[in-house]
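Enquirer: The following comprises the amino acid sequence and a computationally predicted model.
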2 protein chains.
Amino acid sequence: MGKKVKKVQTHTILARVRAVLPALRASERKVAETLLRNPEAVISKSITQLAEDAGTSEPTVIRFCRKLELSGYMELKLSIARELPSGAYIHENVAETDTLPVVFHKLFMAAGEALSETLKALDVGLLDRAVKALAAAGRIEFYGQGGSAVVARDAYHKFFRLGIPCSCHDDPHMQVMSASLLKAGDVLLAISHTGSTRDILESVRVAKESGATVIGITGADKTPLSRLCDITISVLSKEAALVLAPMTSRLVQLAVIDVLFVTLAMGSLGHHRQQLDRVKRALIGKRF
Amino acid sequence: MGKKVKKVQTHTILARVRAVLPALRASERKVAETLLRNPEAVISKSITQLAEDAGTSEPTVIRFCRKLELSGYMELKLSIARELPSGAYIHENVAETDTLPVVFHKLFMAAGEALSETLKALDVGLLDRAVKALAAAGRIEFYGQGGSAVVARDAYHKFFRLGIPCSCHDDPHMQVMSASLLKAGDVLLAISHTGSTRDILESVRVAKESGATVIGITGADKTPLSRLCDITISVLSKEAALVLAPMTSRLVQLAVIDVLFVTLAMGSLGHHRQQLDRVKRALIGKRF
DNA sequence: ATATTTTTGTAGTATAATTACAACCAAATC
DNA sequence: GATTTGGTTGTAATTATACTACAAAAATAT
């Protein structure tokens, strides 16, 4: 029969399920909850099984699918399958015996996984608040140490192009000194994978005292840093390799910061385009 | 032709299809070819449709599925759905009108896509050669400028922990000076997204003259840099946002370097474990 | 309490996936 | 040159699965 008009589906299925959840009727909600509890399992379930597991009947499952603007149960299963982290891939740590292709595969899969996990789990409201704070900032500073210094530097390297006064410090002394000079309206973006780096904590405390807004980016939940920050973006990810060099969370941190940057740059492109273009042109002469 | 039945599912379905293709019978091959011609389409086909499109019968389709070690047609569809590049996601540039959730989605999807593209396309042989060169290196230097300086720094931050003499320079003067002091057996890892940054090219030339092995990491194919390098790893990716701040390729570059690092660290863990442990313990005191 | 609407499940129907088996084809044998 | 044999393929029946029509049940309003 005639194909349904292709609806633009900005959200993923699981997100849509969560979105319609309140508007669902009791028995349909049971289906939704069963699904959300273990989406992975639904893929290999028949409609009868899912109905049974949810303690309801098949037609209810179908009605639930229709609420999601899907043609039926099959399409639900297919949609979930597409969305779930890369199929058979189970998060695996790199072993000493792994050959290069295996390491390559594992690390890249883990990175991809971390990205899609974050895409699903991260609270967009937090990002929104962060962008608003950055947009209003008279000055932005980026602090990070060790591995996180790289992230801070990357952030700095993006944001300064917008013409906003920026600076980046990885030296703790410079950080506290600089932090003491901040004032209300200024923003400090503090990056710490552990969320408990002493020096960063101290710098953040000083910045807060100066009246600055502090955005924290960490790789763990409920850290000492998050207690101090106005906005904390926690990027959770199971590392595939040596925890010593936390790669996946670093990638996700960089990506998150890029989202902040692009949103900000786009939102105020009118103001910033000239600056961006100038920077861009300045670089051309550096090429062969 | 002994039929060894020792198939581990390391590969993806599509790869498996290609692998078994020669071993298939005429009519089954027709199914395989129809599938490979347009995997996307199969997802919404019934077994009858696929059989018809392939010019064969349903049982043949099933037999084909079984050859892939799948339980049946349903599982084939589900597997393809899981594997295909993030569903309906078409590479889209961020538009000025996009809201934060949309930007978030687009950028993360683009990053994930770039990773899986690289995983599929990148020549593992190149990585292998790079690891061998690094493993044999008496000294490793990392050069990068602008955005690539961040990548170089991250690389440095990883490798120096192995106890190998390392250094990282983003200043062109330091680069040429340091490059002139390299000797045979030393390795220079030069990072340049464009592959045509003048200063990097010059430093690489000097390093080559000193007898060092040069590994290049770029974001484009056939660049001036790749002509100079002993080993060039080109990471190709369509950028989702401002080309000014090439995010996706940077992430992929970082991931590639991590693969080099982990492979090296694992391969010689015996030698390096002590060093890694020491570094790790040294950091603990920095935490709260 | 009765009518009306909404929600839900039962029972049946249609469709799709799978199996059993027979027809087919090609090569080897008599 | 017919006949057997092995493998390959499709027809037809079987089973499982998704879906629909409708009526029972629950909730709400009158």
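Expert: In hand now; what should we look at?

Enquirer: quick one: contacts for the residue lying closest to residue A:21 once chain neighbours are set aside?
Expert: Once flanking residues are discounted, residue A:21 sits nearest to residue A:32: 5.5 Å by CB to CB, 6 or more residues apart in numbering or on different chains. Where you see a C-beta, it was placed from the backbone N, CA and C, and this is true even at glycine. Shown in contact with residue A:32 (CB atoms under 8 Å, 6 or more residues apart in numbering or on different chains): A:17, A:20, A:21, A:24, A:64.

Enquirer: What is the neighbour count of whatever residue of chain A ends up closest to DNA strand C?
Expert: Taking CB to the nearest atom of the strand, DNA strand C has its nearest neighbour within chain A at residue A:25, 2.9 Å off. Burial of residue A:25 is recorded as 11 neighbouring residues (other CB atoms under 10 Å in any protein chain shown).

Enquirer: ranges for the helices of the stretch 151-288 of chain A?
Expert: For the stretch 151-288 of chain A, applying DSSP state H, counting those that start in this stretch gives helices covering A:172-180, A:198-209, A:224-228, A:247-267, A:269-284.

Enquirer: Give the buried residues for the first one.
Expert: Within helix A:172-180, the residues that count as buried by 16 or more other CB atoms under 10 Å in any protein chain shown are A:172, A:175, A:176, A:178, A:179.

Enquirer: Could you measure from the second one over to DNA strand D?
Expert: Residue A:175 sits at a distance of 58 Å from DNA strand D (criterion: CB to the nearest atom of the strand, to the nearest Å).

Enquirer: Now do the same contact list for that residue.
Expert: A:143, A:169, A:199, A:200, A:203.

Enquirer: Recalculate using a threshold of 6 Å.
Expert: Residue A:175 sits next to A:143, A:169, A:203 when contact means CB atoms under 6 Å, 6 or more residues apart in numbering or on different chains.

Enquirer: With the first one instead?
Expert: Taking CB under 6 Å, 6+ apart, we find residue A:172 in contact with residue A:199.

Enquirer: Same question for the fourth one.
Expert: Applying CB under 6 Å, 6+ apart to residue A:178 gives the contacts A:141, A:169.

Enquirer: Without its sequence neighbours, what residue ends up closest to residue A:223?
Expert: Per CB to CB, 6+ apart, closest to residue A:223 is residue A:195, 2.5 Å.

Enquirer: my read: the one you found touches residue A:220, true?
Expert: Yes. At 5.3 Å, residue A:195 and residue A:220 qualify as touching, with contact defined as CB atoms under 6 Å.

Enquirer: Who has more neighbours out of these two?
Expert: For residue A:195 versus residue A:220, the count of surrounding residues by other CB under 10 Å is larger for residue A:195: 27 against 17.

Enquirer: And the more buried one, how close does it get to residue A:204?
Expert: 11 Å (CB to CB, to the nearest Å).

Enquirer: And residue A:232, by the same measure?
Expert: Remark: distance between residue A:232 and residue A:204 (CB to CB) = 11 Å.

Enquirer: Who has more neighbours out of these two?
Expert: Using other CB under 10 Å as the criterion, residue A:232 and residue A:204 rank with residue A:204 on top: 26 against 21.

Enquirer: my read: the more buried one touches residue A:190, true?
Expert: Yes. Residue A:204 is within contact range of residue A:190, at 5.2 Å (criterion: CB under 6 Å).

Enquirer: Just the pLDDT at the nearest residue to residue A:157 once chain neighbours are set aside, thanks.
Expert: Among residues not flanking residue A:157 along the chain, residue B:147 sits closest, at 5.9 Å (CB to CB, 6+ apart). Predicted confidence (pLDDT) for residue B:147: 90.

Enquirer: Repeat that for the one 3 residues further on.
Expert: Note for residue B:150: predicted pLDDT of 95.

Enquirer: Could you do residue A:21 as well?
Expert: Residue A:21 is assigned 83 on the pLDDT scale.

Enquirer: ok, whichever residue of the stretch 1-150 of chain A sits closest to DNA strand D - how many residues close by?
Expert: Relative to DNA strand D, the nearest point of the stretch 1-150 of chain A is residue A:72 (2.3 Å; CB to the nearest atom of the strand). Residue A:72 has 12 neighbours, counted by other CB under 10 Å.

Enquirer: And it, how far from residue A:116?
Expert: Here residue A:72 is placed at a distance of 25 Å from residue A:116 (CB to CB).

Enquirer: show me what contacts the residue nearest the centre of chain A?
Expert: Nearest to the mean C-alpha position of chain A, by CA atoms, centre = their mean, lies residue A:118 at 4.3 Å. The contact partners of residue A:118, by CB under 6 Å, 6+ apart, come to residue A:252.

Enquirer: run the last query once more with 7 Å
Expert: Listed by CB atoms under 7 Å, 6 or more residues apart in numbering or on different chains, the contact set of residue A:118 reads A:235, A:252, B:108.

Enquirer: Can you tell me which of the residues you listed is nearest residue B:258?
Expert: Taking CB to CB as the measure, residue B:258 lies nearest residue A:252 of those, at 13.2 Å.

Enquirer: Can you report how many residues neighbour the nearest residue to that closest one once chain neighbours are set aside?
Expert: Nearest in space to residue A:252, with sequence neighbours left out and distances taken as CB to CB, 6+ apart, is residue A:235 at 4.6 Å. Other residues near residue A:235 number 24, with proximity taken as other CB under 10 Å.

Enquirer: While we're on residue A:235, how confident is the model there?
Expert: Note on residue A:235: pLDDT of 90.

Enquirer: before we move on, what about residue A:257?
Expert: 96.

Enquirer: need the contact list for the nearest residue to it once chain neighbours are set aside.
Expert: Among residues not flanking residue A:257 along the chain, residue A:155 sits closest, at 4.8 Å (CB to CB, 6+ apart). For residue A:155, the contacting residues are A:142, A:189, A:257, by CB under 7 Å, 6+ apart.

Enquirer: just residue A:67 next, same as before
Expert: A:20, A:24, A:28.

Enquirer: and it, how far is that from chain B?
Expert: According to CB to the nearest CB, to the nearest Å, residue A:67 and chain B sit 20 Å apart.

Enquirer: likewise residue A:249?
Expert: Distance from residue A:249 to chain B, counting by CB to the nearest CB: 12 Å.

Enquirer: Share the number of residues neighbouring that residue, please.
Expert: Neighbour count for residue A:249, taken as other CB under 10 Å: 26.

Enquirer: In contact with it, which residues?
Expert: Contacts for residue A:249 (CB under 7 Å, 6+ apart) come out as A:193, A:219, A:235, A:237, A:239.

Enquirer: so which pair among those is furthest apart in space?
Expert: Farthest apart among these by CB to CB are A:235 and A:239. That separation is 11.7 Å.

Enquirer: Poorly predicted segments of the stretch 151-288 of chain A, please.
Expert: Along the stretch 151-288 of chain A, the parts satisfying pLDDT under 70 run over A:240-244, A:268-277, A:279-280, A:282-283, A:285-287.

Enquirer: OK, contacts around the nearest residue to residue A:207 once chain neighbours are set aside?
Expert: Excluding the flanking residues, the one nearest residue A:207 by CB to CB, 6+ apart is residue A:179, at 4.0 Å. Counting by CB under 7 Å, 6+ apart, residue A:179 makes contact with A:188, A:203, A:206, A:207, A:210.

Enquirer: quick revisit: just the buried residues of the contacts of residue A:175.
Expert: Using 16+ other CB under 10 Å as the burial test, those include A:143, A:169, A:203 as buried.

Enquirer: which among those residues are in contact with DNA strand C?
Expert: Among those, no residue sits close to DNA strand C (CB under 7 Å from any atom of the strand).

Enquirer: between those residues, which is nearest residue A:263?
Expert: Nearest to residue A:263 among these is residue A:143, at 21.6 Å by CB to CB.

Enquirer: Spatially, what comes nearest to residue A:137 if we skip its sequence neighbours?
Expert: Leaving aside its sequence neighbours, residue A:137 sits nearest to residue A:187 (CB to CB, 6+ apart; 4.0 Å).
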